[in-house]
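>>> The amino acid sequence is not available; the structure is as follows:
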């Protein structure tokens, strides 16, 4: 996720039911680790550039004007900028309590709690966050 710039637009407007982020991915960057949410639905729409959507069923190239949606407990996914230019998109997700995120390719689980996210190994031991 090195180089990714995420601007939390929803926070600027005081939105509480859902979040909106304006994301810029430079060439070679990824949006996040390959993941899926337990409670949150996610949606992205491309504004400029080209990114590859990696998901459980394979891959698809997304360009300006295209969109994709990810229902809770659906396909794991991530966005990868394999092009030579930066890409931008809007990312929208709800903010329901009790969300957790699983990372099928990594020893990581994230849980949303009051005050933010906590991170643990798949066996339940927590990562040292100091």
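Yes, it's here. Keep in mind that this is a model prediction, so the values were computed, not measured. Numbering: from 1, shown residues only.
>>> CA atoms for contacts and neighbours, from now on please.
OK.
>>> for the most centrally placed residue in the chain, phi and psi?
By C-alpha atoms, centre = their mean, the chain has its centre lying nearest to residue 32, at 5.3 Å. Backbone torsions of residue 32, given as degrees, to the nearest 10, read phi -170, psi 170.
>>> how much space between it and residue 105?
Per C-alpha to C-alpha, to the nearest Å, residue 32 is found 12 Å from residue 105.
>>> Could you pull out the helices in this protein for me?
Counting by DSSP state H, the chain has helices at residues 9-12.
>>> got any ranges where it has weak pLDDT?
For the chain, applying pLDDT under 70 flags the ranges 129-130.
>>> Wait, residue 24 touches residue 85, no?
No: at 10.6 Å, residue 24 and residue 85 do not qualify as touching, with contact defined as C-alpha atoms under 8 Å.
>>> Residue 34 - how many residues pack around it?
Here the number of neighbours of residue 34 (other C-alpha atoms under 10 Å) works out to 19.
>>> list the contacts for it?
By C-alpha atoms under 8 Å, 6 or more residues apart in numbering, the contact list for residue 34 reads 54-55, 76-78, 103-105.
>>> picking that back up, does the residue nearest to the centre of the chain touch residue 2 like I think?
No: Residue 32 lies out of contact with residue 2 (C-alpha under 8 Å); the separation is 9.7 Å.
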